[in-house]
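Novice: attaching a predicted model along with its sequence, questions to come.
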Amino acid sequence: MQPIATSLPVDFYKEGEQFIAYCSALDISTCGDTFEEAKKNFSELLDAFISETIKMGNLEAVLLECGWEKINTTSTIAWEPPMRQFITETVQQVNLPCPT
């Protein structure tokens, strides 16, 4: 099976001192002490995620469950990630019990 390149959106956040890398198209995330470390860790996570799902024989099922589509091109079949568009961030109120 010949690999086909596709673009994969990855969001980066800073939470406290940690940099978070999150990919909604695969619902995976990782972090690092620096932005560069978070990018490196995400690349390693992505490689492991793809390798393990292939090894387990369920890459196609995982991609379909995450909303990916198979696209027939003139020469091959390719995968297209779900196209999600960030709209806004909101704040949701929640009541949490606090120990006294």
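Specialist: Good, I have the coordinates.

Novice: centroid-nearest residue for this structure?
Specialist: For the chain, the residue sitting closest to the mean C-alpha position, by CA atoms, centre = their mean, is Cys23 at 2.3 Å.

Novice: quickly list what that one is bridged to.
Specialist: Note on Cys23: beta-bridge partners by DSSP bridges are Ile28.

Novice: any buried residues in stretch 33-42, and which?
Specialist: Going by neighbour count (16 or more other CB atoms under 10 Å), the buried part of stretch 33-42 is Ala38, Lys39, Asn41, Phe42. Every C-beta, even on glycine, is put in place using the N, C-alpha and C of the backbone.

Novice: can you list contacts of that stretch?
Specialist: With contact meaning CB atoms under 8 Å, 6 or more residues apart in numbering, stretch 33-42 is reached by Val10, Phe12, Glu17, Gln18, Phe19, Ile20, Ala21, Cys23, Thr30, Cys31, Gly32.

Novice: helix, strand, or coil at the spatially closest residue to the fifth one that is not a sequence neighbour?
Specialist: To tie it back to what came earlier, the one meant is Phe19. Using CB to CB, 6 or more residues apart in numbering and skipping residues adjacent in sequence, the residue nearest Phe19 is Ala38, 3.9 Å away. Classification of Ala38 using DSSP: H, G, I helix; E, B strand; the rest coil returns helix.

Novice: with the one 5 residues further on instead?
Specialist: With three-state DSSP as the basis, the three-state label of Ser43 is helix.

Novice: next, count neighbours for it.
Specialist: Using other CB atoms under 10 Å, Ser43 has 13 neighbouring residues.

Novice: likewise for Gln92?
Specialist: Gln92 is flanked by 4 other residues according to other CB under 10 Å.

Novice: what about it, which helix or strand?
Specialist: If you go by DSSP states H and E, Gln92 is not part of any helix or strand.

Novice: related to what we said a few turns ago, Ile4 versus the residue nearest to Phe19, what's the distance?
Specialist: According to CB to CB, to the nearest Å, Ala38 stands 26 Å off from Ile4.

Novice: show me what contacts Gly67?
Specialist: Neighbouring residues of Gly67 by CB under 8 Å, 6+ apart: Ala25, Pro81, Pro82.

Novice: nice, that's everything, thank you.
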